[in-house]
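Q: give me a 3D structure for the following:
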Amino acid sequence: MSKTKLSVNINKFAVLRNSRGHDNPNVVKAAVDAQAFGADGVTVHPRPDERHIRYADALHVKKVITTEYNIEGNPQEQKFIDLVLELKPTQVTMVPDAVGQITSNFGWDTIRNKDFLIAMVALFKKEGIRTSIFLNPEVDMVIGAKETGVDRIELYTEDYAKNFAADKESAIAPYIAAAKKANELGLGINAGHDLDLTNLKYFSENIPGLLEVSIGHALVCDALYIGYEKTIQLYKAELK
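A: Next up, the predicted model:
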């Protein structure tokens, strides 16, 4: 059994589909197959410009989820709030995306945005949705997250991935500190961004209480060479 769940982010399937304007690859099938191949959940991250996953996709994917459904996005967008309240996914991960941002590359300042996050967490939890806040690995931000009433944090792992080859112990140190504080405060821990078959095992072995990783870009890139089913199985193996 895996100690950490793998949620497959299917956004990149939508990027490929949108590049031709048709329906190949089909993102609903990508969700169905991810689950059939062993993923513990499916993640989508619709953005206002719908440049990859569209809001309509999120609705269609909901119908085929048999595991866990994680919807990421910025709750400063009313359209995103409405989508989450309509679909009631297993989990909503709140990410402070700027308009036009290529990818999520920073976490919430949970101190400056405390009142806003308290309101959003309460809104989603009232509907029975597990809540998570996207964070940089900073102890102060973890403490701030606890004060919002959130269920989990998602550690933004790009810095870890970027520095892993040069010095993996230094790269992971702030994540361990943040995770220990989260454990102390009773917060669940998720992680994601640039985790791959090179750095995932070390991360999962050293982060205490890691509940879930959400992986899309690297997993889809690997799938181009070794196949979707085999790739999901390899990522699952790294989490054992």
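
Q: beyond the longest helix along the chain, next helix or strand please.
A: Secondary structure of the chain per DSSP state H: the longest helix is helix 168-185. Going down the chain from helix 168-185, the next helix or strand is strand 188-192, by DSSP states H and E.

Q: which stretches of this protein have low pLDDT?
A: Applying pLDDT under 70 to the chain flags the ranges 1-2, 98-106.

Q: where along it do the helices fall?
A: 11-18, 27-36, 55-62, 78-87, 114-126, 139-146, 158-163, 168-185, 200-206, 217-226, 228-238.

Q: reformat these as CSV; add mean neighbour count and distance to Asp97.
A: C-betas here are computed from N, CA, C, even on glycine. Formatted as CSV, those follow (neighbours: other C-beta atoms under 10 Å; distance: least, C-beta to C-beta, whole Å):
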stretch, mean neighbour count, distance to Asp97
helix 11-18, 20, 12
helix 27-36, 20, 20
helix 55-62, 18, 15
helix 78-87, 17, 10
helix 114-126, 16, 14
helix 139-146, 20, 17
helix 158-163, 17, 14
helix 168-185, 17, 21
helix 200-206, 18, 23
helix 217-226, 17, 16
helix 228-238, 18, 25
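
Q: in JSON lines: those, plus distance to Val42.
A: Compiled in JSON lines, these are given as follows (distance: least, C-beta to C-beta, whole Å):
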{"stretch": "helix 11-18", "distance to Val42": "11"}
{"stretch": "helix 27-36", "distance to Val42": "5"}
{"stretch": "helix 55-62", "distance to Val42": "7"}
{"stretch": "helix 78-87", "distance to Val42": "12"}
{"stretch": "helix 114-126", "distance to Val42": "18"}
{"stretch": "helix 139-146", "distance to Val42": "24"}
{"stretch": "helix 158-163", "distance to Val42": "22"}
{"stretch": "helix 168-185", "distance to Val42": "24"}
{"stretch": "helix 200-206", "distance to Val42": "18"}
{"stretch": "helix 217-226", "distance to Val42": "12"}
{"stretch": "helix 228-238", "distance to Val42": "11"}
